[in-house]
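A.B. asks: What would the 3D arrangement of this be:
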Amino acid sequence: MTDSQPQTQNWNALVEQWNEQFLDALEDNMEAQAQFVESWSDAVEDVSEDGEMTDGVDGYARAYDAWMNASKQMVERMNDVVEGEDVELDEFRDIWLNTANEAFKEVMSTTAFAKVTGESVGDVLEAQQQADEAAETTLRTLGFPTESDVVEVGDRLVELERRQHAVERKLDHVLDHLEGDK
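C.D. replies: Take a look at the predicted model:
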């Protein structure tokens, strides 16, 4: 009897450890969902058209369903572990990774996400253009060559090389003609 008591204690400790790991994973999942909802809310704030808003909400709902299905799978696999089935820890990780991919795909495929992303990219490109113009103005004021100055010099060099090659071809033609007269 004393031999089975340490085994029972080991089993209880193992199950307790699994339960703690499961609860930690569930808590991490809930935190990830909360962050996802918060970032999605921030992204959709500016969406004004009803169709885009509906599409955005539908995308979020599909992503939420994916997370809930993952939670259900986790509970099922945890029950399998408790019942004695050998479940690899990688399987738990894969459930969350695959679900994250699926959830983000659901959100990123919406017109609301495309609109917000497009606006963000447009804002970044506009800011970059303004920064480039300010840098060029500053360099020009300080007497340094700017990118447009360097490009202009390069274009002029290419044109000079083109003309030089044309003159060389004409000179070769004249020389061939003079050598043919001898």
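A.B. asks: low-confidence ranges in the protein?
C.D. replies: Flagging of the chain using pLDDT under 70 yields the residue ranges 1-8, 26, 29, 33-34, 36-37, 39-53, 182.
A.B. asks: Domain map for it?
C.D. replies: 4-133, 145-181 (automatic domain parsing).
A.B. asks: so of these, which one's packed in deepest?
C.D. replies: Mean neighbour count (mean count of other CB atoms under 10 Å) peaks for domain 4-133 among the domains of the chain, with a mean of 14. All C-beta spots, glycine's among them, are computed from the backbone N, C-alpha and C.
A.B. asks: Make CSV from the domains of the chain and add distance to residue 139 to it.
C.D. replies: Converted to CSV, the domains of the chain look like this (distance: least, CB to CB, whole Å):
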stretch, distance to residue 139
domain 4-133, 11
domain 145-181, 5
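A.B. asks: Excluding residues flanking it in the chain, which one is nearest residue 113?
C.D. replies: Spatial nearest neighbour of residue 113, chain neighbours left out: residue 107 (5.7 Å); criterion: CB to CB, 6 or more residues apart in numbering.
A.B. asks: show me what contacts the one you found?
C.D. replies: Residue 107 makes contacts with 40, 59-60, 63, 113, as judged by CB atoms under 8 Å, 6 or more residues apart in numbering.
A.B. asks: From those residues, which land in helices?
C.D. replies: Those of those mapping onto helices are 40, 59-60, 63, 113, per DSSP state H.
A.B. asks: Past the helix or strand hosting residue 56, which element shows up next along the chain?
C.D. replies: Using DSSP states H and E, residue 56 sits in helix 50-82. Per DSSP H and E, the first helix or strand lying C-terminal to helix 50-82 is helix 89-108.
A.B. asks: now the angle between helix 50-82 and that next one, please.
C.D. replies: Between helix 89-108 and helix 50-82, the angle comes out at 170 degrees (axes from the mean of the first three to the mean of the last three CA atoms, to 10 degrees).
A.B. asks: what's the offset of helix 89-108 from the middle of its chain?
C.D. replies: From the chain centre to the centre of helix 89-108 is a distance of 15 Å (CA atoms, centre = their mean, to the nearest Å).
A.B. asks: Using CSV, list the CA coordinates for that helix.
C.D. replies: Coordinates of each C-alpha in helix 89-108 appear next as CSV, following Å, rounded to 0.1, in the frame of the first residue of the first chain:
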residue,chain,number,x,y,z
LEU,A,89,3.2,19.4,-25.8
ASP,A,90,3.9,20.5,-29.4
GLU,A,91,0.2,19.7,-30.2
PHE,A,92,-0.9,22.3,-27.7
ARG,A,93,1.4,24.9,-29.2
ASP,A,94,0.3,24.0,-32.7
ILE,A,95,-3.3,24.5,-31.8
TRP,A,96,-2.6,28.1,-30.7
LEU,A,97,-0.3,28.9,-33.6
ASN,A,98,-2.7,27.6,-36.3
THR,A,99,-5.6,29.4,-34.6
ALA,A,100,-3.6,32.7,-34.5
ASN,A,101,-2.9,32.3,-38.2
GLU,A,102,-6.5,31.5,-39.0
ALA,A,103,-7.9,34.4,-36.8
PHE,A,104,-5.5,37.0,-38.4
LYS,A,105,-6.4,35.7,-41.8
GLU,A,106,-10.1,36.2,-41.1
VAL,A,107,-9.5,39.8,-39.9
MET,A,108,-6.9,40.7,-42.6
